[in-house]
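**Q** mind folding the following:
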Amino acid sequence: MTGCRDCRARACYRSTPHGRPSRSVADMRHTADSRPCHDAGRAHKNNVRSTRDFNMPTRNKTLRSAVLGALFALLPFASANAQDTVNLLTQNFPPFSMANDGKNFAKEEAISGIDAEVVAALFKRAGIPYTLTLRFPWSRLQQLAEKTPGFAVFSLSRTPEREPKYKWVGPLSEIQIVLLKRPDSPIQISSLEEARQYRIGSKDGSVGSQYLISRGIEVQSSLIDTPAKLKAGQFDLWATTNPSGEYEAKQAGVGPLAVALTLSRVDLYLAMNKETPDEVVEKLQRTLDQMKQEGLLQQAARRYVN
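**A** Sure thing, here's the model as predicted:
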């Protein structure tokens, strides 16, 4: 059997009983591709190199496997270190958290409010790195904190439905769930049952909305501008919380509004993703309790509420 003088590929020619070279499968492939034989030679050499790589000494393969194994072993630690920073999410919920420019997106020092100040001081005192972002919609922020490790959301009420979804730190503050009405509204109600006959609006995913829906009350959900919609007559009552509801209405130039009915008092919490280590949650809770004893939460509240 002889090879091509250019590539010496044994597959190029084979001797025949008649002394003439016979075209091999490889040679016919060269012809079909309209490529000269020396191209096939280069391909052949590449194949030879690939074969040598595949048949590398066992010691080299073992070394490469060990290096790859060490790299993969580092991945869990890299992920854990990346998750040490807690990504805090909040919404425009004055006076507890709000963007200084009144918009629906802000970061870090551009966010103020009672709970925003308390939570930032809490993480700094506990020595836990964090980022702080304000955005909307509120329901989306809750889903991010629930589904994504390393995320947390505030200020959230600790309802039975939400209880198993997060790890909790708090309470941070207290609110009243109320139904607000326009000051010129003739509506007079003394129970939630009496409120059923009216059109009730609320911010999507808010504690006021969830309170009513869980009791079978129909609610018109809205993402933003709820006070303005109440003033425009798009609904009769606004399910919200105080002092945030009246504060938001005042800032929007809609107020003052009147309380038609007080439904409940609710504590607000920091809700952390379920994969947050217990020692982190416990450290934050101990630090928050100490801040309460020092009167720091009350001081923050006085800066925003007269």
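
**Q** measure P171 to Q251 for me?
**A** To Q251, P171 is 24 Å away according to C-beta to C-beta, to the nearest Å. All C-beta spots, glycine's among them, are computed from the backbone N, C-alpha and C.

**Q** who's more crowded, these two?
**A** With neighbours defined as other C-beta atoms under 10 Å, P171 and Q251 compare such that P171 has more, 19 against 15.

**Q** the more buried one belongs to a strand?
**A** Yes. P171 sits within a strand when classified using DSSP: H, G, I helix; E, B strand; the rest coil.

**Q** who does the closest residue to it other than its chain neighbours bridge with?
**A** Computed as C-beta to C-beta, 6 or more residues apart in numbering, the closest residue to P171 that is not its neighbour in sequence is D267, at 3.5 Å. Beta-bridge pairing of D267 under DSSP bridges involves E174.

**Q** where does D267 land on pLDDT?
**A** Here the pLDDT value assigned to D267 is 96.

**Q** could you do N87 as well?
**A** Reading off the model, N87 has pLDDT 98.

**Q** partners of the host helix or strand of it in the sheet?
**A** Here N87, judged by DSSP states H and E, is contained in strand 86-90. Strand 86-90 pairs in its sheet with strand 130-134 (parallel), strand 151-157 (parallel), by DSSP bridges.

**Q** which parts of the first one are buried?
**A** Which is strand 130-134. By neighbour count on 16 or more other C-beta atoms under 10 Å, the buried set for strand 130-134 is 130, 132-134.

**Q** the last one too?
**A** Of the residues in strand 151-157, those scored as buried under the neighbour-count criterion (16+ other C-beta under 10 Å) are 151-157.

**Q** in JSON lines: the residues you listed, plus pLDDT and distance to I189.
**A** Formatted as JSON lines, those follow (pLDDT from 0 to 100; distance: C-beta to C-beta, whole Å):
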{"residue": "F151", "pLDDT": "98", "distance to I189": "39"}
{"residue": "A152", "pLDDT": "99", "distance to I189": "37"}
{"residue": "V153", "pLDDT": "99", "distance to I189": "32"}
{"residue": "F154", "pLDDT": "98", "distance to I189": "31"}
{"residue": "S155", "pLDDT": "96", "distance to I189": "27"}
{"residue": "L156", "pLDDT": "95", "distance to I189": "28"}
{"residue": "S157", "pLDDT": "91", "distance to I189": "23"}
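
**Q** which of those residues sits closest to Q290?
**A** Among the buried residues of strand 151-157, F154 lies closest to Q290 (C-beta to C-beta), at 18.4 Å.

**Q** not counting sequence-adjacent ones, nearest residue to that closest one?
**A** L270 (4.4 Å).

**Q** what are the buried residues along the strand or helix carrying the one you found?
**A** Secondary structure from DSSP H and E places L270 in strand 258-273. Under the neighbour-count criterion of 16+ other C-beta under 10 Å, strand 258-273 has 260-261, 263, 266, 268-273 buried.

**Q** swap in stretch 168-176?
**A** 168-173, 175-176.

**Q** who touches the helix or strand hosting A300?
**A** For A300, the host element (DSSP H and E) is helix 296-302. Identification of contacts with helix 296-302 by C-beta atoms under 8 Å, 6 or more residues apart in numbering yields 114, 117-118, 121, 172-173, 291.
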